[in-house]
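1. Sequence and computational prediction follow.
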Amino acid sequence: MQGQPAHPDQRHGRAGRPGRQPVRVRGHPQPGGGRLMLCDPPGWGSVPTPAGEFRLGPVRLPADLALLAGWMNDPEVDAFWELAGPPEVTERHVRAQLDGDGRSTPCLGLLDGEALSYWEVYRADLDPLAAHYPARPHDTGVHLLLGPAASRGRGLGAVLLAALAELILLRNPRCERVVAEPDVRNRRSVRAFERAGFRAVAELDLPDKRAALMVRDRADGPVAQAQLPA
C-alpha cells in the first residue's frame, strides 16, 4: 500500500518535488512566516499494534538516504511517488521538508525498532490542499509508503494508519481531523484508509490526479484497531 507524495513543483524529470508542499497542487507557494511544527511527531512516543510496537522516528540525512532511495526506486512505489532515480532525487525531496518551516515532517515508521515505512505528517489546513476542500484549523494530513515489498499486501498499512491517526489525535488536541488524499486509482491505499477508520467523503480534482479525500474525525470516537489477516 502506498500513500501519496508531495508536489511536483520544480521537478527535474519525474521528481524534484519540494517537501514543503505535501499535496500535488502546482504553482501554490506556501505562506511564509514562522515555524509551524506539528508538536514534533518523532517525539510522540510509541503505540502498541497487532503487528508490534509502532513509533515515528526522525529522518536523518545522510544516514537514512540509502534506505529511502532504495524504497523510492521500487517500481510499485514509484508508480505513485515518482521519486525514482539517483539518491539525490530523494534527498532533495526530504531535505526540503527538513529545512522548511515545519508544516511537513518526514518520518520513519519503526515497528519493534525496525524501519519499515516512510511518513509525511503535514498541516493540511496550511497546504494548497485546503483550497480544494473545506479545511478546518489544524487539520493534519498523512502520506504513507510501506518500504519492503514483503510488508505490503498483508494488511499492515491499515494497522499503521489506524495507530498513527489515534496518535495524532491524542498528541495534538487542537487537531480534530486527520486527512489524506490518495489517488483514486490506488485502490489498495483507499481500502487501507477505510480499514483504519477513515471515511471517503469526496473526490478532488487536483492538478495531476483525482484524489479520494479520506477523513478520520475525532468526533467519530475511538476506532477498533485494524487487525492483520489470520
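-> It's in.

2. Looking at this structure, which helix is longest?
-> helix 156-171 (DSSP state H).

3. For the protein, which segments count as strands?
-> Assigned by DSSP state E, the strands in the chain fall at 46-49, 52-58, 104-111, 114-123, 140-146, 177-180, 199-206, 209-217.

4. Can you give me the buried ones in the first one?
-> What that stands for is strand 46-49. Under the neighbour-count criterion of 16 or more other Cβ atoms under 10 Å, strand 46-49 has Ser46, Val47, Thr49 buried. From N, CA and C alone the C-beta is placed, and that goes for glycine too.

5. can you check the fourth one too?
-> Judged by neighbour count using 16+ other Cβ under 10 Å, the buried positions of strand 114-123 are Ala115, Leu116, Ser117, Tyr118, Trp119, Glu120, Val121, Tyr122, Arg123.

6. Nearest to Glu166, out of the strands of the chain?
-> strand 46-49 (6.8 Å; Cβ to Cβ).

7. what's that closest one in contact with?
-> Glu53, Phe54, Arg55, Leu111, Val159, Leu160, Ala162, Ala163, Glu166, Leu167, Gln225 (Cβ atoms under 8 Å, 6 or more residues apart in numbering).

8. picking up where we left off before, what would the strands of the chain look like in JSON lines with mean pLDDT and distance to Arg171?
-> Formatted as JSON lines, these follow (pLDDT from 0 to 100; distance: least, Cβ to Cβ, whole Å):
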{"stretch": "strand 46-49", "mean pLDDT": "93", "distance to Arg171": "10"}
{"stretch": "strand 52-58", "mean pLDDT": "96", "distance to Arg171": "10"}
{"stretch": "strand 104-111", "mean pLDDT": "96", "distance to Arg171": "12"}
{"stretch": "strand 114-123", "mean pLDDT": "96", "distance to Arg171": "11"}
{"stretch": "strand 140-146", "mean pLDDT": "96", "distance to Arg171": "10"}
{"stretch": "strand 177-180", "mean pLDDT": "97", "distance to Arg171": "12"}
{"stretch": "strand 199-206", "mean pLDDT": "95", "distance to Arg171": "22"}
{"stretch": "strand 209-217", "mean pLDDT": "96", "distance to Arg171": "14"}
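
9. I'd like those laid out as JSON lines, including distance to Ala96.
-> Formatted as JSON lines, the strands of the chain follow (distance: least, Cβ to Cβ, whole Å):
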{"stretch": "strand 46-49", "distance to Ala96": "28"}
{"stretch": "strand 52-58", "distance to Ala96": "16"}
{"stretch": "strand 104-111", "distance to Ala96": "9"}
{"stretch": "strand 114-123", "distance to Ala96": "11"}
{"stretch": "strand 140-146", "distance to Ala96": "14"}
{"stretch": "strand 177-180", "distance to Ala96": "20"}
{"stretch": "strand 199-206", "distance to Ala96": "19"}
{"stretch": "strand 209-217", "distance to Ala96": "20"}
